[in-house]
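Asker: the sequence isn't on hand, but the structure is:
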């Protein structure tokens, strides 16, 4: 789940499975074809499973299949959803997913998918028609080979003003860099909302360094997370003055769309 092309391939894969399920006479095989696993329960996994729950059931109904027979399994390595926020928000997300037909499997990791069979961290297996991997991003492996200092995970090491250690005139932001808020010690996220703020600040840093002025330091983005939960539904959580604020339903979806469209520079 890394590109628009991948999304189209996923769509065609489930549609092919639904068409096969129409003709399948073996009940066990038909159920396998109508089962989708989403491996990884971060924001991408949550949103992907919610969208699949809506559109795969819609396709099943149009083909004359029982939409309730569609199984969407979301595998979460952690013990609850959304470990970056309050437990009550994670529980609200889980209930929202269950309401739209997603089964969340907590504390369970998919190790491998081969020919329609998942191997799980528990030692068990599961038969599925399609497995979508949403396990997050890794830094580009090229970074280890170009002479820059990197963390054990492979992220470029920078100071509070995005300067690469030991590399005069070299800066790094975004997915490749390990950027830490000097005030809280917390690492920045790897989404467009953080990257947009980093890019704007980097312009100020470059200007200051060229002119010999003190450069600004990194500031962490406020606690603000958005989740799409299918067409017209969403959840937004933020924390202001230590108070948790949650928006759900259509308002949550509109806020999610606005906040992601804005840093994505969509007009």
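Answerer: Cool, got the structure. Please read these numbers as outputs of a predicted model, since none were measured by experiment.
Asker: quick one, phi/psi of residue 178?
Answerer: phi -100, psi 100 (degrees, to the nearest 10).
Asker: all further residue positions should be reported with the first residue as 4.
Answerer: Renumbered: residue one is now 4, and that last one reads residue 181.
Asker: okay, now the unreliable bits of the stretch 104-253 of the chain?
Answerer: Low-confidence segments of the stretch 104-253 of the chain (pLDDT under 70): none present.
Asker: how about the strands in it?
Answerer: Along the stretch 104-253 of the chain, the stretches classed as strands by DSSP state E, counting those that start in this stretch are 105-109, 113-117, 120-123, 128-130, 133-136, 159-160, 180-181, 227-231, 237-243, 246-251.
Asker: and of the ones you listed, who's closest to residue 264?
Answerer: Minimum separation from residue 264 across these (Cβ to Cβ) falls at strand 227-231, 10.9 Å. For every residue, glycine as well, the C-beta is placed using N, CA and C.
Asker: touching the closest one from outside, list them.
Answerer: The contact list for strand 227-231 (Cβ atoms under 8 Å, 6 or more residues apart in numbering) reads 46, 49-50, 53-54, 85, 87-88, 96, 196, 237-241, 255-256, 258-260, 262-263.
Asker: the same query, at a cut-off of 10 Å, please.
Answerer: With Cβ atoms under 10 Å, 6 or more residues apart in numbering as the test, strand 227-231 has contacts from 46, 49-51, 53-54, 84-85, 87-88, 92, 95-96, 99-100, 192, 194, 196, 236-243, 248, 250-251, 255-256, 258-263.
Asker: dump the strands of the stretch 104-253 of the chain into TSV; add mean neighbour count and distance to residue 35 as well.
Answerer: Converted to TSV, the strands of the stretch 104-253 of the chain look like this (neighbours: other Cβ atoms under 10 Å; distance: least, Cβ to Cβ, whole Å):
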stretch	mean neighbour count	distance to residue 35
strand 105-109	19	15
strand 113-117	14	13
strand 120-123	16	9
strand 128-130	15	5
strand 133-136	21	10
strand 159-160	22	43
strand 180-181	21	41
strand 227-231	20	28
strand 237-243	19	31
strand 246-251	13	34
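Asker: export these as TSV, with columns for distance to residue 78.
Answerer: Supplementary listing: these in TSV, determined by distance: least, Cβ to Cβ, whole Å:
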stretch	distance to residue 78
strand 105-109	5
strand 113-117	5
strand 120-123	8
strand 128-130	9
strand 133-136	9
strand 159-160	30
strand 180-181	27
strand 227-231	17
strand 237-243	20
strand 246-251	24
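Asker: nearest to residue 170, of those strands?
Answerer: Using Cβ to Cβ, the strands of the stretch 104-253 of the chain put strand 159-160 closest to residue 170, at 9.1 Å.
Asker: gap between the closest one and the chain center?
Answerer: 23 Å (Cα atoms, centre = their mean, to the nearest Å).
Asker: how is the residue nearest the centre of the chain assigned, secondary-structure-wise?
Answerer: The C-alpha lying nearest the average C-alpha coordinate of the chain belongs to residue 47 (Cα atoms, centre = their mean; 2.5 Å). Classification of residue 47 using DSSP: H, G, I helix; E, B strand; the rest coil returns helix.
Asker: what sits against it?
Answerer: 4-5, 41, 135-140, 194.
Asker: which of these sits closest to residue 108?
Answerer: residue 41 (9.9 Å).
Asker: ok, the closest one touching residue 78?
Answerer: Yes: Residue 41 lies in contact with residue 78 (Cβ atoms under 10 Å); the separation is 6.8 Å.
Asker: shared neighbours of the two, which are they?
Answerer: In contact with both residue 41 and residue 78: 48, 52, 107-108, 113, 134, 137, using Cβ under 10 Å, 6+ apart.
Asker: right, I'll call it a day here.
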